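Peer 1: based on what follows, work out the 3D shape:
(chains A and B)
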Amino acid sequence: MKALLVMGCPEVAVQTSLVLYTSHLLSNIGCQVLIAGNNSALELTRMADPDGHYIKNTADLDVTIGDLAQKVFEPDICYVFIHNDAGVSYLATVNALISGEAVGVIFGREPQKLVAQCEEADLKCIWAKAVHNPSPLKSKIKTEVDRWSALTS
Amino acid sequence: MVCIDELNYEILLSKATYKDCSKFIRSKFKETYIIEPGFKLFEAYIIGVPPIYVAVADETVIFPYTKPCHGTFVLSIHSPEAAAKLRKMGKPA
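Peer 2: Reported below is the predicted structural model:
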């Protein structure tokens, strides 16, 4: 199974930890995980995992969107990490481009506003208010990955 | 790959929400089209919440352009080729 993790702007502290944790969970159930983001977001994750325990493959975000659009890459599950309006646009785009599931992981200071945008666009998401401490989303991510894993096994 | 940044573009609206950009395009331009997410324009793949509105004015294309850290912009680029592509492949709105 192939999984894609799409990172947003890295300005909110919890994103890197959420991505590493999600990658860890997905790798443990046998997924090949590709992490996509802009250069800064990717450098943050690579530096946090210098031996590549949790991060095996990374790719530029724009190139990845192109690969999805051209069907060069077809993930079974995609988690899009969202803390701003642009993140919802990326989730909607991925959701339209893949046949697998696309799920938003929403965090930041005002997640409710973004959750409402996702609901309006019929996009799936999990969410919690989290800026510096990723704990509010930890169990939700575990539950979500378990849910998806159960559906596919 | 030719990056949008390397093209001669004009910013009509900057660092806005996607919804505001969509409203801007629909309210300011008469000839509008709907494209699918991932539509290729100038070697870039357009990001957005469907329906994605773009516009054509003579030989200029107007479209939303999203960056992860800076929100969505409305850009205008003079390009007869891109205008023809949108007229051919876009769904009239």
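
Peer 1: quick one, helices of chain B?
Peer 2: B:18-28, B:80-89 (DSSP state H).

Peer 1: just those: most buried one?
Peer 2: Most buried of the helices of chain B by mean neighbour count (mean count of other CB atoms under 10 Å in any protein chain shown) is helix B:18-28; its value is a mean of 17. C-beta here means a position set from N, CA and C on the backbone, and glycine is covered the same way.

Peer 1: and that one, how far from the chain's centre?
Peer 2: 10 Å (CA atoms, centre = their mean, to the nearest Å).

Peer 1: need the residues of chain A near chain B, please.
Peer 2: Residues of chain A lying near chain B by CB under 8 Å from any CB of the partner chain: A:7-9, A:11, A:37-38, A:41, A:61-62, A:65-66, A:68-69, A:84-90, A:92-93, A:96-97, A:117, A:121.

Peer 1: just the buried members of the residues you listed?
Peer 2: A:7-9, A:37-38, A:41, A:61-62, A:65-66, A:68-69, A:84-90, A:92-93, A:96-97, A:117 (16 or more other CB atoms under 10 Å in any protein chain shown).

Peer 1: please flag which of the residues you listed sit within strands.
Peer 2: Members of those lying in strands (criterion: DSSP state E): residue A:37.

Peer 1: hmm, residue A:66 is touching residue B:45, no?
Peer 2: Yes: the criterion here is CB atoms under 8 Å, and residue A:66 meets it with residue B:45 at 5.2 Å.

Peer 1: okay, residue A:36 and chain B: tell me how far apart.
Peer 2: Relative to chain B, residue A:36 is positioned 10 Å away (CB to the nearest CB, to the nearest Å).

Peer 1: for that residue, give the beta-bridge partners.
Peer 2: residue A:6, residue A:59 (DSSP bridges).
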